[in-house]
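Trainee: quick one, what's the 3D model for this:
(chains A and B)
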Amino acid sequence: MSVLGECLIAFIFGSCVGVLVQRSRFCNAAALRDAMLFKSFRNTKALLVAMMILTVGFTAFMSIGQGHPMHFDVGMNQMIGLFIFGIGMVLAGACTVSTWVKAGEGNVGAMWALLFTFIGMFLFSLMWSVNYWPPAPGSMTGKPNFEALQFGFSNAATLQAKFKIPALGFGLIQVGVLYAIYRAIIKKENKHKIPAASAGQ
Amino acid sequence: MNFFNKTLDPVVALVAIAVLDVFLFVVVGAWTVGGGETMMTGLAAKAVLGDALEKIPFWHLVFPPTWGYWKIYISFGMVFGAFVSAIISKEFYLRIPKRLSEWVMITIGGLLMGVGIRLAFVCNVSTFFGLTPQMNMGGYLAITGIIAGAWVGSLVYKRILEG
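Mentor: Residues are numbered from 1 along each chain as shown, chains lettered A, B, ... in the order given. Purely as a prediction, here's the structure:
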């Protein structure tokens, strides 16, 4: 596909997401923060349902060698980076999606958060240019490199190649785990619901 | 239009987004935001610094700035879609944080998000809507990190709320 075609599809996809998120008030930061602080799971349930659909969809296409899976070595930088990100998103009150969506609604705070996200990225680029960690994608080998705290690369397709079981099979196991978490949330919500009869008394 | 008159159930919205994301995965790659934001940072830095940006290795070894990077346009699309939706539903108006503490939290939060995304090579969207559904090991590492980070962030947030 041409670069123009890719950019056009990305823009159309983003526009649909913008409308859907604006209308639903979905926020990834709220999905985690509200569950932890207020025991409110409105966004968490939506996130889990999306992950179940995506797991089936992605692993089904990966089973037949289709799709464009992300391909880079992973390591401790994912855990540390998202730990820092997690603190930041709760403090900013928005995730990467909701900052763009709220900015589109005229939220100046979200625009400010975006500006400082860019500044944070630029500051990191200066730090990276001194210590070169984590390794640049160009120097990744797919194999563990424990000195650099890198564990290599693995996904549903590598599992399929190793165990000769379709990637979708592993995907369905993951869906089962996600569904168990979803069910546990529903049960928790039902437990804390006030029965209609006693509520009226 | 009724769609723009009431709040949409987030489960319905996320089901639609997930189906679209599977389509995107087949055509170009899964939904992500952090990569596009990094490229925008590079493009903005190039506009300000010009050729001096070449002296920072990150911007030619990892993210050489280019407008032909499709992930940028997801973000442009999101802000455009949200703007149109907010206008139609009459929800567009300038919202300005009133308290200094809000500005401080947003500033620190934004900086931490930027540093975190670049350190991890992924954002929350890639974690939940890309890596983990692909059963990439990085997704599980990232989820562990973001849950721990959100927990610490929530404790700080709660303390600030309680004054």
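Trainee: where are the low-confidence patches of the chain?
Mentor: Just going to use chain A. Along chain A, segments meeting pLDDT under 70 span A:194-201.
Trainee: hm, I was asking about chain B
Mentor: Segments of chain B classed as low confidence (criterion: pLDDT under 70) are B:1.
Trainee: from B:C123, how far off is the residue most central in space within it?
Mentor: By C-alpha atoms, centre = their mean, the mean C-alpha position of chain B lies nearest to B:V33, the distance being 4.5 Å. Here the distance between B:V33 and B:C123 works out to 5 Å (C-beta to C-beta, to the nearest Å). Heads up, the C-betas are built off the backbone N, CA and C, glycines and all.
Trainee: quick one: the helices in chain B?
Mentor: According to DSSP state H, chain B carries its helices in the segments B:10-27, B:34-49, B:58-61, B:70-88, B:100-120, B:124-126, B:137-161.
Trainee: again, but for chain A
Mentor: Ranges of helices within chain A are A:3-24, A:28-37, A:42-63, A:76-92, A:96-104, A:108-131, A:156-163, A:167-192, A:196-199, based on DSSP H.
Trainee: okay, and the common contacts of B:V33 and B:C123?
Mentor: Between them, B:V33 and B:C123 have A:T96 as joint contacts when contacts are counted by C-beta atoms under 8 Å, 6 or more residues apart in numbering or on different chains.
Trainee: so who does residue 121 touch?
Mentor: Let's take chain A. For A:M121, the residues meeting the contact criterion (C-beta under 8 Å, 6+ apart) are B:37-38, B:41, B:114-115, B:117-118.
Trainee: wait, chain B
Mentor: Contact analysis of B:F121 by C-beta under 8 Å, 6+ apart lists A:72, A:77-78, A:81, A:134, A:137, B:34, B:138.
Trainee: do B:L24 as well
Mentor: With contacts taken as C-beta under 8 Å, 6+ apart, B:L24 has the following neighbours: A:9-10, A:13, B:30-31.
Trainee: let me have the residues you listed in CSV, adding distance to B:W151 and neighbour count as columns.
Mentor: Listed next are those as CSV, based on distance: C-beta to C-beta, whole Å; neighbours: other C-beta atoms under 10 Å in any protein chain shown:
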residue, distance to B:W151, neighbour count
A:I9, 36, 19
A:A10, 33, 26
A:F13, 31, 24
B:A30, 26, 23
B:W31, 25, 24
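Trainee: neighbours of the residue lying closest to the residue nearest to the centre of chain B once chain neighbours are set aside, how many?
Mentor: Of all residues beyond its chain neighbours, the one nearest B:V33 is A:T96 (3.9 Å), with distances taken as C-beta to C-beta, 6 or more residues apart in numbering or on different chains. Using other C-beta atoms under 10 Å in any protein chain shown as the criterion, A:T96 is surrounded by 26 other residues.
Trainee: and what of A:A180?
Mentor: Using other C-beta under 10 Å, the number of residues around A:A180 comes to 10.
Trainee: where's it relative to B:T132, distance?
Mentor: According to C-beta to C-beta, A:A180 and B:T132 sit 15 Å apart.
Trainee: with B:G29 instead?
Mentor: In terms of C-beta to C-beta, B:G29 sits 15 Å off from B:T132.
Trainee: which PyMOL command selects the buried ones in the contacts of B:F121?
Mentor: Paste this into PyMOL to select the buried members of those, with burial taken from 16 or more other C-beta atoms under 10 Å in any protein chain shown:
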select buried, (chain A and resi 72+77+78+81+134) or (chain B and resi 34+138)
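Trainee: just the contacts of B:F121 now: which is nearest A:K162?
Mentor: Nearest to A:K162 among the contacts of B:F121 is B:G138, at 17.5 Å by C-beta to C-beta.
Trainee: please name the nearest non-neighbouring residue to that closest one.
Mentor: Beyond its immediate neighbours in the sequence, the residue positioned closest to B:G138 (C-beta to C-beta, 6+ apart) is A:V74, lying 3.2 Å away.
Trainee: I figured the one you found hits A:F151, correct?
Mentor: Yes. In this structure, A:V74 sits in contact with A:F151. The criterion is C-beta atoms under 8 Å, and the distance is 6.0 Å.
Trainee: which of those two has more neighbours?
Mentor: Between A:V74 and A:F151, counted using other C-beta under 10 Å, A:V74 has the larger neighbour count: 27 against 18.
Trainee: tell me what the more buried one is bridged to.
Mentor: In this structure, A:V74 has beta-bridge partners A:G152, where bridges are defined by DSSP bridges.
Trainee: thinking again about what came up before, which of B:G29 and B:T132 has more neighbours?
Mentor: Neighbours were counted for B:G29 and for B:T132 using other C-beta under 10 Å; B:T132 has more, 23 against 20.
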